[in-house]
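K.L.:
coords please:
(6 chains)
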Protein chains: 6
Amino acid sequence: MKKIIISIISFLFMANTAFSQDQKINVIVFGAHPDDCDQDTGGTAILFAQLGHRVKFVSLTNGDAGHYAMGGGELAKIRIAEAMEAGKRFGVEYEVLDNHDGELMPTLANRLKVIREIRKWNADIVIAPRPNDYHPDHRYTGILVQDAAYMVIVPNVAPEVPPLKKNPVFLYSEDRFQKPNPFEPDIAVIIDPVFDKKIYAMAAHESQFFDWLPWTSGNLDKVPKDEKSRLDFLAKWRAFTPNETTLKTLKKWYGDKAIGVKHAEGFEICEYGKQPSDEELKKLFPMLRK
Amino acid sequence: MKKIIISIISFLFMANTAFSQDQKINVIVFGAHPDDCDQDTGGTAILFAQLGHRVKFVSLTNGDAGHYAMGGGELAKIRIAEAMEAGKRFGVEYEVLDNHDGELMPTLANRLKVIREIRKWNADIVIAPRPNDYHPDHRYTGILVQDAAYMVIVPNVAPEVPPLKKNPVFLYSEDRFQKPNPFEPDIAVIIDPVFDKKIYAMAAHESQFFDWLPWTSGNLDKVPKDEKSRLDFLAKWRAFTPNETTLKTLKKWYGDKAIGVKHAEGFEICEYGKQPSDEELKKLFPMLRK
Amino acid sequence: MKKIIISIISFLFMANTAFSQDQKINVIVFGAHPDDCDQDTGGTAILFAQLGHRVKFVSLTNGDAGHYAMGGGELAKIRIAEAMEAGKRFGVEYEVLDNHDGELMPTLANRLKVIREIRKWNADIVIAPRPNDYHPDHRYTGILVQDAAYMVIVPNVAPEVPPLKKNPVFLYSEDRFQKPNPFEPDIAVIIDPVFDKKIYAMAAHESQFFDWLPWTSGNLDKVPKDEKSRLDFLAKWRAFTPNETTLKTLKKWYGDKAIGVKHAEGFEICEYGKQPSDEELKKLFPMLRK
Amino acid sequence: MKKIIISIISFLFMANTAFSQDQKINVIVFGAHPDDCDQDTGGTAILFAQLGHRVKFVSLTNGDAGHYAMGGGELAKIRIAEAMEAGKRFGVEYEVLDNHDGELMPTLANRLKVIREIRKWNADIVIAPRPNDYHPDHRYTGILVQDAAYMVIVPNVAPEVPPLKKNPVFLYSEDRFQKPNPFEPDIAVIIDPVFDKKIYAMAAHESQFFDWLPWTSGNLDKVPKDEKSRLDFLAKWRAFTPNETTLKTLKKWYGDKAIGVKHAEGFEICEYGKQPSDEELKKLFPMLRK
Amino acid sequence: MKKIIISIISFLFMANTAFSQDQKINVIVFGAHPDDCDQDTGGTAILFAQLGHRVKFVSLTNGDAGHYAMGGGELAKIRIAEAMEAGKRFGVEYEVLDNHDGELMPTLANRLKVIREIRKWNADIVIAPRPNDYHPDHRYTGILVQDAAYMVIVPNVAPEVPPLKKNPVFLYSEDRFQKPNPFEPDIAVIIDPVFDKKIYAMAAHESQFFDWLPWTSGNLDKVPKDEKSRLDFLAKWRAFTPNETTLKTLKKWYGDKAIGVKHAEGFEICEYGKQPSDEELKKLFPMLRK
Amino acid sequence: MKKIIISIISFLFMANTAFSQDQKINVIVFGAHPDDCDQDTGGTAILFAQLGHRVKFVSLTNGDAGHYAMGGGELAKIRIAEAMEAGKRFGVEYEVLDNHDGELMPTLANRLKVIREIRKWNADIVIAPRPNDYHPDHRYTGILVQDAAYMVIVPNVAPEVPPLKKNPVFLYSEDRFQKPNPFEPDIAVIIDPVFDKKIYAMAAHESQFFDWLPWTSGNLDKVPKDEKSRLDFLAKWRAFTPNETTLKTLKKWYGDKAIGVKHAEGFEICEYGKQPSDEELKKLFPMLRK
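P.N.:
Reported below is the predicted structural model:
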């Protein structure tokens, strides 16, 4: 599939993948750790769920390394329980795969797990981090999901799970990394109306947001104890305030409604999945249409 | 080998790798699947062959996954037979390595296979996809060939095959991907005179161009049945019409002859092989001199 | 850790990692082969050592492939002995890990070795090549060190070695590669005062600079025999003359002192480690303060 | 757990794993290919199922290599469908894992899959081939199941699936191999009353018993076409007539009923699982009590 | 090295590895988990140490899985601390390698670690479990140490650590497994005089002997709380009472002193290391000479 | 393929693999290092060759570690050249695969190499060491060849090389190891008439027999310098004098001619290949018929 022959391909093989207005959209999000999907896409996920669509969060590791006083299976069980609670609060399905935290590698076995997840969810949209991020598990999550793109439609791969009819749209979630190239949002979703709900859902990952991450920066003693202060603390810390680039994208999709937006989530289209038109994106992201 | 010391290196160690006008040029092309080399470099390969030079196509996988109704060794045998037929039509040698389609990984064992191929062909030019492309096998083909660069001259690596005297020129074949950086053609070859021959040769991959790829886009029923219509169909679909960037490169090499060109193949110099001057490129690509 | 929330994080969790003026700075440099650290950071290392700070060079392979007439363990022992001599001359600790030259892979086992080295050295600064360079071992050295960043602070990873309290500053050493993005020096160090010493120390790698590398370019016969001429030869060949970009960075840090500088080493801040302010960089690179 | 301290252990830690007469026994059988479990344990499985107990067959590969005219995913899908039909006929659950036939390796990832299967089935009895058999996949199935023994009770391993309370009894199914040591049946089950049913159920694996295996011995043309003759053919070919050793074991358990038995399945207790007493075996194999 | 040519080899190349009466004997023991060396060889180790010889225990995993309420790095740190305490009590050096408990694989990287340990300890005697034992980590410990035998004398392997001059004697520690062949003690050591000391030293592994192992058999509540009762409990549980085979071996070495012995440790000579004569064994096991 | 159903199988599927008296027999021998095949089967190979049959020796590693003063590719090239010379002297084809000496692992990639070698040679007989021997490379050679048995007839495995029509006879070459079970020769070949030729051919491995092996036993100074004395030295050292078990087998096949035999090579039938009758063995080993 080469060069600028896309238009010709379109002509020859007009993809009949348009779906009707009232069809359910299936979104699957991959993160490295229980809490990554939540941070990157939690607001958008709530919006999808509220509109009756189906969202699944998949953590590729069980989070069994990210703590200062626990570890291994004992920690994994806590992280899984927290993820289940978060899933309930978000209104999404949550699955935690059994890979060691801090040891995720882009193996074929892991790629096949991703392929099966995407197929079983019959995904229209797949979201993952880019392969440039500060944590190796994040980067390899990005690579694993890239490597699943296209293969999801090949019947001879993972033949026990029926292939998708079409390659879904693959999206990268927003990050701040500049090398080798900066994140460029093709879509941005206003999450102001559901921001509190996102923070509340995220807060289910107690061992992550109120133990481990504060500890890594030497501020464990500054973490509030009561529920409400914790939510405020988390809301300030994970505000997802749109930067200039994101703001520009918000304006493209929302027009004037984008002015003064406080919280947004951005997404960049991965070149390895379906390349949707703006029209198709509006169908896939019905919250953009409002 | 660092920084801007290249000129000094040149001065100290003037590489005596120039070759005489009438010497055979050895070109080796790596693709992920039987048909990839053909698409990316088929026209150029025909031109090399017509001038009496030696071209080899190597497919790193046996293509045993790319079909909707066959698979495994059975499919591989068909793909191999088609590749042999294509090789004859192109006038090039064709080899298909025994790696599963859809499972190519950048292992040391695979890298060594690439090193041996390059050495045995005594390659002056090595061509491969960039490590950013829509199919994981394509990306890992790019990485494997990158990882073979320079190592081809190290005698202690794969010691049973004599090392090359010099690092060949490594080229990326043209693609449309923009991230993390777009393809930038250093060379572009007009293939108008041999375009029909290229299409005819490519058409040998029947199970690929008339079964599998149309199926993936849901258009199997639109594939013509008779030979001639199939060639027309393929010619339209894989026209390799030069885009603006390629056109600019064509002009650099061909001058006014580039005007109105319909079909061209572009190549970008990989930084990990020999960095040839324009003068050297003209010797390596004699079709540019006409 | 996402988006433009960095300022807020700083506010919430002001990292108390400033260190006093007279504290020793611990620098660890990773290279693929015995001699890589030397070339990329040798001058800077001497300056650190002269100021009483601690520098360690780690070669991730034992260099057992880089020669035309020797190989294997026999060559490795020579390369190790040369590295020990170089370490003495530089005034740094030198360690050579037992991985085959030409076969370095980004495995978890190798990543853990890097993590342990960084922790045991209690590193403030970690230096490595970028993952784009002409030799696969160089690229995978870059990836392995990237993959160690952040993990050095996680107590559950490599639990038998106490984690660092803070993620160090990770730096890339200078290279000339442009794809997918060019090297951009954030820091550049004038090494004119110690350039001769650097060349002398590098010259300890006799089998590398006076055997192997000249051989690879077909110029073994041009290598001088006497010690002094060899040093001149090496000094011309590995001059590390600043290019325009490096010069600009030199000016930022040194002001007018940068004019007419002949030899410099540049470093780019890796996004996966601590992101230091200019103020912090001045503390970490005391030679910039003069 | 060492030496002859077993009696003391028993005294100290009397395992409270006895189960009541009317409790369901959970049996899980691992084979390399779809049809292996069936051959080795099919009669016993039917007997368990008829008594109301739960049996599961797990094929560790998808059988995608064992045919002369098909292969890959296409063949896998046929093999899986045949296995599902066989499962119905046997009255057992059947699962086919997605590993390539002929490529099963004793990796940690595969071991963990086995551990999870055993746990999820809450197995009392686990059956697998010995690690000495003519097909590498059979041998590695034996090793993988051995390697899962004991680990099934360790909560930190595969922590997302609750561990078993007790190590199950692990059994090897009968084979004819003598090196390094011959199969020694500790248990043997008379399957005469269900032999026809076993053959009928096995016959669901058409592509295996009527295509592939006859082909491997050059006798494809001797395979009958009609259903009844096929069953006769298979019954003669896979008679599982007890040899002397098996007969001796049959006599131990069945007494005079063992005389004249035509079909039997033997099992040897693996040393790495629970070491049951005869009393416990009678509870675990209720068909022995009749 | 083949067949019955051993005597001829001896004649031609009389190994000059005899050592003088007063030379220190270097013993290295490999176990899978912190506590395995202790159980299998603790008494013998004390006897060696008391005679002024050097003993090292190496655990190939960090024991980070063997507990019901802790796991990961947190548990590993406890296990390591316990091992250090045990080492002190035994009078031996103790090292715990950073491999996950329950995940030890016979990789080349792990084999090289074993080779380096043996060389650095300048071992005369190497002790490890046989590759048949109930825990996969035990079996792979056996394989890894087998795979290190002979390679310890090859200079091109792990060239940065000088090879041994001679292949040491490799011994298997006693176990109760019968398949594929039973343990056959070539040596057995009476440990009655140091049995209490062994138990006391072993008791340092509190999380193992008083938490985890009792838990696995459902008897955590039966574990005594006070120190003295715990030692009695452990002494009864791990008595290492010689069985008939061991008794026979004891008689060979000790004569009548073997009568009535209560505690003994047996060892079988591995065929892959040096094959010592009885005379040499007496020198290597000076406690046998008394 | 189970139990005592062999006779029935024979009845149903009489293998039509008998070959005519004057057909060429194809023998392929696998060793770990250049010189292993020679030692184990050299005499038998000469006899096959003298009768006009085809023999191939394959060394799975390139021997690049077995020397005290050389290593790596440099050593490999010497070992390969010696092997080529040995092949000429033996009258067999010799191939040395590019795997590091001392690092052979039972990977799928290596297994496939063995499968392809067996198929390409159209082997009737495959010979390899047992998986119990003193050198890990020897053991893994045994495992790799075992793992190739049967797979050589499966068309979907390594589909680019046509499968064999029948599983060849797989034989183990003689060794002296007793655990887990001793070598039991099914065949033994008198090599007295060709013993001198065998020694002369083996002597081509100079770096092995006159450098490395003597060095490993500290007897390098005892190696003769002149050609004739070296041959005597080697003949004494590698006499392959039949032991009692071998003698018994010799008598079975040769009758009284076995009396007083000085040199013989024994072979044990591997259970994973074809199980030949004595009649078939006589056809496969025509030297036994004389």
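
K.L.:
let's see stretch A:179-186 as CSV, backbone CA atoms only.
P.N.:
Taking C-alpha atoms only, stretch A:179-186 is exported to CSV below (Å, rounded to 0.1, in the frame of the first residue of the first chain):
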residue,chain,number,x,y,z
LYS,A,179,11.4,13.9,20.1
PRO,A,180,11.5,12.6,17.5
ASN,A,181,8.4,14.5,16.8
PRO,A,182,5.8,16.2,18.9
PHE,A,183,2.3,15.0,19.5
GLU,A,184,-0.2,16.6,17.0
PRO,A,185,-3.8,16.3,18.0
ASP,A,186,-6.2,15.5,15.1
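
K.L.:
quick one: distance of it to the chain centre.
P.N.:
16 Å (Cα atoms, centre = their mean, to the nearest Å).

K.L.:
say whether chain B is contacted by it.
P.N.:
Yes. For stretch A:179-186, a contact with chain B is found by Cβ under 8 Å from any Cβ of the partner chain, at A:180, A:181. To be clear about C-beta, it is placed using only N, CA and C from the backbone, and glycine gets the same treatment.

K.L.:
for the closest residue to residue A:199 other than its chain neighbours, grab phi and psi.
P.N.:
Here the nearest residue to residue A:199 in space, its sequence neighbours aside, is residue A:235; by Cβ to Cβ, 6 or more residues apart in numbering or on different chains that works out to 4.7 Å. Main-chain dihedrals, residue A:235, degrees, to the nearest 10: phi -60, psi -40.

K.L.:
and the gap between residue A:235 and residue C:107?
P.N.:
40 Å (Cβ to Cβ, to the nearest Å).

K.L.:
ok, back up a step: who are the contact partners of the residue nearest to residue A:199?
P.N.:
A:195, A:196, A:199 (Cβ atoms under 8 Å, 6 or more residues apart in numbering or on different chains).

K.L.:
part of a helix, is residue A:52?
P.N.:
No. According to DSSP: H, G, I helix; E, B strand; the rest coil, residue A:52 belongs to no helix; its state is coil.

K.L.:
now do the residue of chain A found nearest chain F, the pLDDT please.
P.N.:
Closest approach of chain A to chain F (Cβ to the nearest Cβ) occurs at residue A:108, with a separation of 11.7 Å. Looking at residue A:108, its pLDDT is 98.

K.L.:
mind checking how far the residue lying closest to it once chain neighbours are set aside is from residue F:77?
P.N.:
Excluding its sequence neighbours, the residue lying closest to residue A:108 (Cβ to Cβ, 6+ apart) is residue B:103, at 5.7 Å. Using Cβ to Cβ, we find residue B:103 at a distance of 33 Å from residue F:77.

K.L.:
ok, residue A:189 next?
P.N.:
63 Å.

K.L.:
same deal with residue A:77?
P.N.:
Residue A:77 is 56 Å from residue F:77, where distance means Cβ to Cβ.

K.L.:
same check, this time on residue A:126
P.N.:
Residue A:126 is 50 Å from residue F:77, by Cβ to Cβ.

K.L.:
may I ask which helix or strand of chain A has the lowest mean pLDDT?
P.N.:
helix A:6-12 (a mean of 37; mean pLDDT, DSSP states H and E).

K.L.:
tell me the helix or strand right after that one.
P.N.:
Counting by DSSP states H and E, the element after helix A:6-12 in chain order, helix or strand, is strand A:26-31.

K.L.:
elements contacting that following strand?
P.N.:
helix A:36-50, strand A:54-59, helix A:108-120, strand A:125-128, helix A:136-148 (3 or more Cβ pairs under 8 Å, 6 or more residues apart in numbering or on different chains; DSSP states H and E).

K.L.:
how about it as CSV, C-alpha atoms only?
P.N.:
Extracted in CSV, the C-alpha atoms of strand A:26-31 (Å, rounded to 0.1, in the frame of the first residue of the first chain):
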residue,chain,number,x,y,z
ASN,A,26,-16.8,0.1,20.2
VAL,A,27,-13.8,1.8,21.8
ILE,A,28,-10.9,0.0,23.2
VAL,A,29,-8.1,1.7,25.1
PHE,A,30,-4.7,0.2,25.9
GLY,A,31,-2.5,1.4,28.7
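
K.L.:
the lengthiest helix in chain A versus strand A:54-59: what angle between them?
P.N.:
The helix that spans the most residues within chain A, counting by DSSP state H, is helix A:72-90. Per axes from the mean of the first three to the mean of the last three Cα atoms, to 10 degrees, the angle that helix A:72-90 makes with strand A:54-59 is 160 degrees.

K.L.:
buried ones in helix A:72-90, by neighbour count?
P.N.:
Within helix A:72-90, the residues that qualify as buried are A:72-80, A:82-83, A:85-87, A:89-90, counting by 16 or more other Cβ atoms under 10 Å in any protein chain shown.

K.L.:
next structured bit after that helix?
P.N.:
Criterion used, DSSP H and E; the element after helix A:72-90 is strand A:93-96.

K.L.:
isn't residue A:75 right up against residue A:64?
P.N.:
Yes. With contact defined as Cβ atoms under 8 Å, residue A:75 reaches residue A:64; the gap is 5.0 Å.

K.L.:
find the residues that touch each one of these two.
P.N.:
C:156, E:71, E:72.

K.L.:
I'd guessed the first one sits against residue A:63; true?
P.N.:
No. Taking Cβ under 8 Å as the contact criterion, residue C:156 and residue A:63 are not neighbours in contact, 10.2 Å apart.

K.L.:
shared neighbours of the two, anything?
P.N.:
A:75, A:101.

K.L.:
report the separation between the residue nearest to residue A:199 and residue A:200.
P.N.:
As defined by Cβ to Cβ, residue A:235 lies at a distance of 9 Å from residue A:200.

K.L.:
do residue A:225 as well
P.N.:
Taking Cβ to Cβ, one finds residue A:225 at 17 Å from residue A:200.

K.L.:
out of these two, which sits in the more crowded spot?
P.N.:
A direct count of neighbours by other Cβ atoms under 10 Å in any protein chain shown for residue A:225 and residue A:200 places residue A:200 higher, at 18 against 7.

K.L.:
so for the more buried one, what's the pLDDT?
P.N.:
For residue A:200, pLDDT reads 98.
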